[in-house]
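>>> Fold the following and give me the result.
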Amino acid sequence: MAFGITRSELEEWKEKVREGQIAYLTHYWIDPRFPGITSVTKVGCSDLKRLQHWCKEHELNPKYIHHREPFPHFDLLGARQKEILLQEKRYDHIQRFKL
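I've put the predicted structure just below:
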């Protein structure tokens, strides 16, 4: 279940993904399969080659891309989530979601 974002933030992310941009959306998230994890960052892009390249640049396996049309994305969790958000200078995500 996702919470902590506005509809306009979600719509902005969707638009960027549709346009083939690399887009970041962090939200609070609880899933019993991942104890201690309270947020996820969805890195989306409709251009699969571009998203695969992004994964490889960050030493992530592209086979874990969620091929959910029209919004393919890679889920960042835990320590890697914060590490990559720092690399990408997404400080607002880190502060807002207390990473």
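>>> any idea of the pLDDT on residue 2?
If you check residue 2, the pLDDT there is 67.
>>> cool, the one 5 residues further on as well?
Predicted confidence (pLDDT) for residue 7: 93.
>>> And residue 92, by the same measure?
On the pLDDT scale, residue 92 gets 95.
>>> And it, how far from residue 20?
When distance is defined by C-beta to C-beta, to the nearest Å, residue 92 is 23 Å away from residue 20. Using the backbone N, CA and C atoms, a C-beta is placed for each residue, glycine as well.
>>> Have a look at those two and say which one is more surrounded.
Legend: neighbour count by other C-beta atoms under 10 Å for residue 92 and residue 20, higher for residue 20 (14 against 11).
>>> Can you give me the neighbour number for the nearest residue to that one once chain neighbours are set aside?
Nearest non-adjacent residue to residue 20, counting by C-beta to C-beta, 6 or more residues apart in numbering: residue 47, 4.0 Å away. Residue 47: 15 surrounding residues under other C-beta under 10 Å.
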